[in-house]
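# Any chance you can model this:
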Amino acid sequence: MPTRSRTSQEKRSATNGRSGYASSPAVREGRCCTTDLLPSGSLKNPVPTDIVDQLLEIARWTGSSRNMQPWQFVVITDKEQLRQVSQVRPPINWVADAPLAIAIVLDGESTISEAYDEGRVSERLLIAAHVLGLGSGIAWFGDDVQQANAKAILGIPEERTARSVVVIGYATTTKDHRPNPLTPGRKPIAELVTYDRFGNKG
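All right, here's what the predicted structure looks like:
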């Protein structure tokens, strides 16, 4: 049975944030996934092997363009490796305190589709970490030279693409300790959503 389309008034109410959906369980969970940042100095407990295995299985089953699955994953738990990765550039120095990071290594054959696939699998890992009771965040290596340095640390071949690690651990706070903390919050939905044609508020 087809669902009823929303009236213009309903669209305007949702766009203006009056629909009540902001407090729904699905929206609350989605918002939590954006705040589970890993804080510096509070991630001493290792992530159990069975949890790591679940994260990797979820990553393995992530969809990809034409199902090419253009990735491999480097699981990093060695403290010296984590320390070296954290020194690739100052904004990711918090990686040194984490018990686990997963580097996403791409085939390096299709820049556009692999960038899309990288985003999908990164988000999957972040959501999976949240579901499993973990904090997580993405540490971006930086420019081409910094990416090359990170690949050298992790033994990744030069022809492969590796731009980031997903850092995972048991967070005890959501305070962002990075040297360049993010501005919290999101733009109002009224600034982001239009209907049927760009710019039409409904």
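# Verify the stated contact: residue 124 with residue 59.
Yes. Residue 124 sits in contact with residue 59 when judged by CB atoms under 8 Å, with a separation of 6.1 Å. Using the backbone N, CA and C atoms, a C-beta is placed for each residue, glycine as well.
# if I look at those two, which residues touch both of them?
Listed contacts common to residue 124 and residue 59 are nil; contacts here mean CB atoms under 8 Å, 6 or more residues apart in numbering.
# Break down this protein into its strands, ranges please.
Here the chain has its strands, by DSSP state E, at 71-76, 100-106, 135-140, 161-169.
# can you redo those as TSV with mean neighbour count?
Shown next, in TSV, are these (neighbours: other CB atoms under 10 Å):
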stretch	mean neighbour count
strand 71-76	17
strand 100-106	23
strand 135-140	22
strand 161-169	24
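# Could you dump those into a markdown table with distance to residue 198 added?
As requested, the strands of the chain are exported to a markdown table (distance: least, CB to CB, whole Å):
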| stretch | distance to residue 198 |
| --- | --- |
| strand 71-76 | 34 |
| strand 100-106 | 32 |
| strand 135-140 | 30 |
| strand 161-169 | 30 |
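# and of those, who's closest to residue 91?
Among the strands of the chain, the nearest to residue 91 by CB to CB is strand 135-140 (7.9 Å).
# Parallel or antiparallel, which strands does the closest one pair with?
Strand 135-140 has its sheet partners listed here by DSSP bridges as strand 161-169 (antiparallel).
# Identify the residues contacting the partner strand?
38, 43, 45, 47, 55, 76, 85, 94-95, 98-108, 111, 114, 118, 122, 125-126, 129, 134-141, 147, 150-151, 154, 156.
# and if we set it to 7 Å?
By CB atoms under 7 Å, 6 or more residues apart in numbering, the surrounding residues in contact with strand 161-169 are 38, 43, 47, 76, 85, 95, 98-106, 108, 114, 122, 125-126, 129, 134-141, 147, 150-151, 156.
# what's the weakest-modelled helix or strand in this structure?
helix 8-15 (a mean of 53; mean pLDDT, DSSP states H and E).
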